[in-house]
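Colleague: Provide a 3D model corresponding to the input given below.
(chains A, B and C)
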Amino acid sequence: MNSPVTVHLPLGTAKVAARSLSVHYGEKHALQSVDLEIRAGEVTALIGPSGCGKSTFLRCINRMNDMVDGARVSGSLTLDGSDIYDRSLDVVQLRARVGMVFQKPNPFPKSIYDNIAYGPRIHGLARNQDELDEIVMTSLERAGLLAEVKDRLTESGTGLSGGQQQRLCIARAIAVGPEVILMDEPCSALDPIATAKVEELIDDLRDNYTIVIVTHSMQQAARVSQRTAFFHLGKLIEVGDTEQIFTNPQQPLTQGYITGRFG
Amino acid sequence: MQLLILTIVLLALTGIGFSTGRRRALAVVEGNPRLLHSLPNHHGYLVALWCGIPALLVVVGWLAFEPSLLHALVISALPPELTEMSDERLSLVYNEVRNVALNGQTAGSDAVAEAARHYLSLRQTLFGATAVVALVLAVAGLAWARARINRDLRARNRVEQIVTIFLVMASTVAIFTTIGIVLSLLFESLRFFHFVPVTEFLFGTAWSPQMAIRADQVGSSGAFGAVPLFAGTMLIAGIALLVAVPLGLLSAIYMSEYALPRFRSVVKPMLEILAGIPTVVYGFFAALTVAPFIRDLGTSLGLTVASESALAAGLVMGIMIIPFVSSLSDDVISAVPQSLREGAYGLGATKSETIKQVVIPAALPGIVGGVLLAASRAIGETMIVVMAAGLAANLTANPLEAVTTVTTQIVTLLVGDQEFDSPKTLAAFALGLALFTITLALNAVALHIVNKYREKYD
Amino acid sequence: MTETTQMARLGAVRPTAEIVAARLKRRHNAERRFRAVGLGAVLLALGFLGVLLFTIVGNGITAFVQTSIRVDVTFDPAQLGIEGDTSADALAAANYQAIIKQALYRTFPEAKTRGEQRQLGAMVSSGADIELRKMLIADPALLGQTRSVWLLADDDIDMAVKGHIPRQPGIAGNRLSDNEIRWLDELESRGAVKTRFNTLLWTSGDSREPELAGLWGAVVGSIYSLIITLLVSFPLGVATSVYLEEFAPKNRWTDLIEVNINNLAAVPSVVFGLLGLAVFLNIFGMPRSAPLVGGLVLALICLPTIIIAARAAMKAVPPSIREAAAGLGASKLQVVTDHVLPLSMPGILTGTILGMAHALGETAPLLMIGMVAFIVDIPATPLDPSAVLPVQVYLWADSPERAFVERTSAAIMVLLLFLALMNLSAILLRKKFERRW
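Modeller: Residues are numbered from 1 along each chain as shown, chains lettered A, B, ... in the order given. Below you'll find the predicted structure:
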């Protein structure tokens, strides 16, 4: 068995580091000179009002912005010290290391099994069917979904409930064995019970993966993250331990946002 | 000419109706339109409609029934020695009468000359009567409607009612067209099946529609087994799809997923030119260039290729439906939600992996629907096969031989001199019925699949 | 699976990144291949278009000029058969063929035998006398005089001069006799052969002789047909669209109409031809081969196109505009005529032009209603028998003479030009009035 695996990294080292990172969409300056370190083995929450650049930042880390016409990135963004926007870096390889879970659950219209097996198959992670089976089972188990679906692996992934679909998408990301998992408001389309399950899962995954989660719910950020970064109008206003941000913010803007004066 | 003058007079009367109505309405309220329920213009329209519509209906009715009425009256007035002939001879005589009367042809006999004079005078009388009735109706309608104008008349509502009735009638034209198609095909086909049993038509394997003109001629029985035509149609349509589906699908994928915007903006309209070229041009291209090319190519390879090979017709038909397949594929591919693509990219899939393993499988039902629509298009296509496919009804699966198709035979049977009641002519309608049924069924299935597919991602 | 077993296995395992990296090259190659195949498909389709247009233009461009031969013609009253009588009728009925033949015999006195003289006479078109007749009627004083005249050459000579058929004896495809080749060479060396703009192509109707055959009859027929089509299908299409979009209640009847329209859009056009034959010709007794019937059939064919385009254009008008007008007290019909129709008119017109372009290229249904007859006269009214452009293409394509290949290609070029103009105007209309809500 060769996946899903993540070597435990020492807590606190910078897995992803941004140095004066800016993003333009055509004329729009979506992200303005952001300096931010994402530490390994932690959950980092990105919060802020909509349109503040938090999703843009997230999508830079696995270069999903490449597909947006007219998007330009400047400054530096590194993964384990190597530049993500380096010309010689292969996007395919990058995305195998940096998985992503999207706002709306987007299972492929294939069976549950094939959904999970898709990543390992394209990357050739399994040498034979047994290994593939094992990857699928382990991933489902880690995503806490195995018990619910083990009898219907051949059924379509689109037939699951919304919460199950989102956990399926998380399992799908895990199956590739990424080092970092990006989550773009993963619970915004889910009901409270499903949300609770996903949050529980995020907490479990923290030991093995570096997780970056964009959320517009401050409660969620407080519940699942160790560090929180607050963005406003394309700028990083404040970053710190979650506890500190929510109890003792240094910036008046942060204060205003978490006390609900705007947002 | 007379008709033109009558129409112009009626239209002029209608115009007068409008202005009288308007003026009358203003006069009723002494020039203060605020006192009227409806605008003066509406009163004008109402009078104009009352003036024009009944009269024009009379004229249209005359146009529609003049030929059959004249036919009946002239025939009944013919001397008995002419009327006792068979129906076919009688219709020949009637044609001669019309030719003498209208085109100045010299009459073959006194009876015909007399009938031609009768035809012309009848026509004149009928037209005169129509004109008088129409004009009287127009003037009466004008006067009556004008007299009814008062300040409380709901002219606008009346006008709108009439317009709405017109709209409803217009929208039923589509239904009447369908009914017309079904009835005319069905009616003539039933007459055909009077001569040739349905089973022979549907399952017979010999097709040679050379019906004798007269019953006493030699070789008067043709063979009407349509299987070779169906097989030929399938063969050519199949070749066309083999060309069009891969090329159309791949171009659609390339244009929507890979091509740079500038390339797309230049090349897409150029590909659409292929769809705008009339089919007769493709037919000429197939017969002049492609068929000889394929024949020469085959000969140089040591193959015997018919000069009107199914391959040539199918190939050109395939080129013609490339843009059709590619625009349908484009629609269904772009209907695949972006989130699915992102899901695959997020896992590290390359573009082609995403397309082949996620986008195409997700779009498959839509693509299948599109292919069925293309098949229906290929089956119903006429000019290419008329010009480039053969006439001999060979029952073969060899694309290098000549085959014939349903549409080719429909055209061949109906072009040229024909009398209307022979099985040969009627066979065309039976083939038309088969064609209509097949394409309609294919379309229904395809639209059902495509709509279901669309609903899934809406 | 417990944590320890999983950790124990980890040692034997390469990290994901390494496995991925090992296969990257292969996957990127596959990516490039797929992309190349896609591009290949596009280029192949474009290549077909290129070959098609190249063939047509290559074959047809020379039809816009026509070969003439210069000979010295003597308007000899005796040969013309009009001793003394110079009335217009006599001049019109005179035997111009005879003076053409005499002129040719004088040019090449070595042609002595009947056979040779026949070959010589055949070098000039059988329609060349029309020109001379016009000359003499315009100026009767020419009688008895000799004039140097450019006469229309026969189609085989024309083809040989233009290089469409070889003119060496013994080579496959050569249609000229040795004598004709010699005479032609000699005429050329005297400068008595030239090609000039082909006016007949634009002014005359069909003919059995390729060099006399023109497109004007077909163009007029097409124009008549399209006018009828427009007059019938535009009001009907717009009225249907207005009813379905703005008035129709959502019920079974409306659904039935919609299903019908969609089905009609997919019915093969040849079936509409059968409808025209059975209903318009046989039941209503309308004339065969007439643009009136052709126009009616084409109107039914392009009705669905217009309705679908018109409804899309009306759907694009935002409901807020209807509400605003209704809020001011406009009746439903006033909302439509004052706001919805004017705002959607560019879209409706674009759809109508495209429908008309489609109708202009349609051939098969017109064959059904007898528009394949050989018609020389230019139709004077939509009730006269007539050809239309695509049918003319079909008829000429069926003729065996090499010169008709040239004419067919030229007819196609004219047809495509009309289609291009119509499509261009539709595009411009759309660009100019496109409105985003």
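Colleague: which stretches of the stretch 301-437 of chain C form helices?
Modeller: For the stretch 301-437 of chain C, the helices defined by DSSP state H, counting those that start in this stretch occupy C:319-327, C:332-335, C:341-361, C:364-368, C:389-397, C:402-433.
Colleague: could you do chain A as well?
Modeller: For chain A, the helices defined by DSSP state H occupy A:54-61, A:91-97, A:112-123, A:129-142, A:146-149, A:162-175, A:192-205, A:218-224, A:242-247, A:252-258.
Colleague: compare those and give me the one nearest C:N29.
Modeller: helix A:91-97 (12.5 Å; CB to CB). (Glycine included, C-beta is placed from N, CA and C.)
Colleague: near chain C, anything from that closest one?
Modeller: Yes: judged by CB under 8 Å from any CB of the partner chain, helix A:91-97 comes into contact with chain C at A:92-93, A:96-97.
Colleague: mind giving me CSV with those residues and columns for neighbour count and distance to A:L168?
Modeller: Listed next are these as CSV, based on neighbours: other CB atoms under 10 Å in any protein chain shown; distance: CB to CB, whole Å:
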residue, neighbour count, distance to A:L168
A:V92, 23, 22
A:Q93, 19, 24
A:A96, 27, 19
A:R97, 20, 21
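Colleague: those: which ones sit near chain B?
Modeller: A:92-93, A:96.
Colleague: need the helices of the stretch 301-437 of chain C in a markdown table (columns: mean neighbour count and mean pLDDT).
Modeller: Below are these laid out as a markdown table (neighbours: other CB atoms under 10 Å in any protein chain shown; pLDDT from 0 to 100):
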| stretch | mean neighbour count | mean pLDDT |
| --- | --- | --- |
| helix C:319-327 | 13 | 90 |
| helix C:332-335 | 17 | 89 |
| helix C:341-361 | 22 | 93 |
| helix C:364-368 | 27 | 93 |
| helix C:389-397 | 27 | 94 |
| helix C:402-433 | 19 | 92 |
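Colleague: residues of chain B that sit close to chain A?
Modeller: By CB under 8 Å from any CB, the residues of chain B that approach chain A are B:261, B:337, B:339-340, B:342-350, B:353, B:357-358, B:361-362.
Colleague: picking up where we left off before, would you format the helices of the stretch 301-437 of chain C as a markdown table with distance to A:D207 included?
Modeller: Formatted as a markdown table, the helices of the stretch 301-437 of chain C follow (distance: least, CB to CB, whole Å):
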| stretch | distance to A:D207 |
| --- | --- |
| helix C:319-327 | 55 |
| helix C:332-335 | 65 |
| helix C:341-361 | 60 |
| helix C:364-368 | 72 |
| helix C:389-397 | 74 |
| helix C:402-433 | 59 |
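Colleague: any regions of the chain where pLDDT drops low?
Modeller: In the absence of a named chain, this looks at chain A. Chain A contains residues with pLDDT under 70 at A:1-12, A:263.
Colleague: I was thinking of chain C, sorry if that wasn't clear
Modeller: C:1-14, C:435-437.
Colleague: tell me how it divides into domains.
Modeller: As given by automatic domain parsing, the domain ranges for chain C are C:68-198, C:216-433.
Colleague: hey, which of those domains is tucked in deepest?
Modeller: Most buried of these by mean neighbour count (mean count of other CB atoms under 10 Å in any protein chain shown) is domain C:216-433; its value is a mean of 20.
Colleague: how distant is the strand of greatest length in chain C from the center of its chain?
Modeller: With secondary structure taken from DSSP state E, chain C has its longest strand at strand C:65-74. Relative to its parent chain, strand C:65-74 has a centroid offset of 30 Å by CA atoms, centre = their mean, to the nearest Å.
Colleague: past that strand, which element shows up next along the chain?
Modeller: Once the chain leaves strand C:65-74, the next helix or strand it forms, by DSSP states H and E, is helix C:77-80.
Colleague: identify the residues contacting the helix or strand that that next one is followed by?
Modeller: With elements assigned by DSSP H and E, the helix or strand that comes after helix C:77-80 is helix C:88-93. Contacting residues not belonging to helix C:88-93 are listed as C:82, C:133, C:136-137, C:140 [CB atoms under 8 Å, 6 or more residues apart in numbering or on different chains].
Colleague: go on, stretch B:57-75?
Modeller: So stretch B:57-75 is contacted by B:3, B:6-7, B:10, B:83, B:90, B:94, B:97, B:115, B:118-119, B:122-123, B:126-127, B:130, B:133-134, B:137, C:284-286 (CB under 8 Å, 6+ apart).
Colleague: same thing but 7 Å
Modeller: The contact list for stretch B:57-75, computed with CB atoms under 7 Å, 6 or more residues apart in numbering or on different chains, reads B:6-7, B:83, B:90, B:94, B:97, B:115, B:118-119, B:122-123, B:126, B:130, B:133-134, B:137, C:284-285.
Colleague: could you do stretch B:247-264 as well?
Modeller: Residues outside stretch B:247-264 that contact it (CB under 7 Å, 6+ apart): B:267-268, B:271, B:322, B:325-326, B:329-330, B:333-334, B:351, B:355, B:367, C:35, C:37-39, C:41-42, C:44-45.
Colleague: switch to 6 Å and redo it
Modeller: For stretch B:247-264, contacts defined as CB atoms under 6 Å, 6 or more residues apart in numbering or on different chains pick out B:322, B:325-326, B:329-330, B:333, B:355, C:35, C:38-39, C:41-42, C:45.
Colleague: most neighbours among those residues, which one?
Modeller: Counting neighbours by other CB atoms under 10 Å in any protein chain shown, B:S326 leads the contacts of stretch B:247-264 with 32 neighbours.
Colleague: ok now do that residue, which residues does it touch?
Modeller: Contact analysis of B:S326 by CB under 6 Å, 6+ apart lists B:248, B:251-252.
Colleague: for it, grab phi and psi.
Modeller: Main-chain torsions, B:S326, degrees, to the nearest 10: phi -70, psi -30.
Colleague: now A:G53
Modeller: Dihedral angles for A:G53 - degrees, to the nearest 10 - are phi 100, psi 0.
Colleague: so it sits against A:S33, correct?
Modeller: No: if you go by CB atoms under 6 Å, A:G53 and A:S33 don't touch, sitting 10.9 Å apart.
Colleague: buried members of the contacts of stretch B:57-75 into PyMOL, please.
Modeller: Command for PyMOL that selects the buried part of the contacts of stretch B:57-75, burial taken from 16 or more other CB atoms under 10 Å in any protein chain shown:
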select buried, chain B and resi 6+94+97+115+118+119+122+123+126+130+133+134+137
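Colleague: where does the stretch 351-458 of chain B dip in pLDDT?
Modeller: Low-confidence segments of the stretch 351-458 of chain B, defined by pLDDT under 70: B:416-421, B:458.
Colleague: show me what from it comes close to chain C.
Modeller: Within the stretch 351-458 of chain B, the positions adjacent to chain C are B:352, B:380, B:382-383, B:407, B:410-411, B:414-415, B:432, B:436, B:439, B:443 by CB under 6 Å from any CB of the partner chain.
Colleague: now tell me which helix or strand of chain B has the poorest mean pLDDT.
Modeller: In chain B, no helix or strand scores lower on mean pLDDT, DSSP states H and E than helix B:80-83, which sits at a mean of 72.
Colleague: for the helix or strand following that helix, packing partners?
Modeller: Proceeding N to C from helix B:80-83, the next assigned helix or strand is helix B:87-103, under DSSP H and E. Applying 3 or more CB pairs under 6 Å, 6 or more residues apart in numbering or on different chains; DSSP states H and E, one finds that helix B:87-103 contacts helix B:110-147.
Colleague: and the helix it packs on with chain C, contact?
Modeller: No: judged by CB under 6 Å from any CB, helix B:110-147 makes no contact with chain C; its nearest approach is 12.8 Å.
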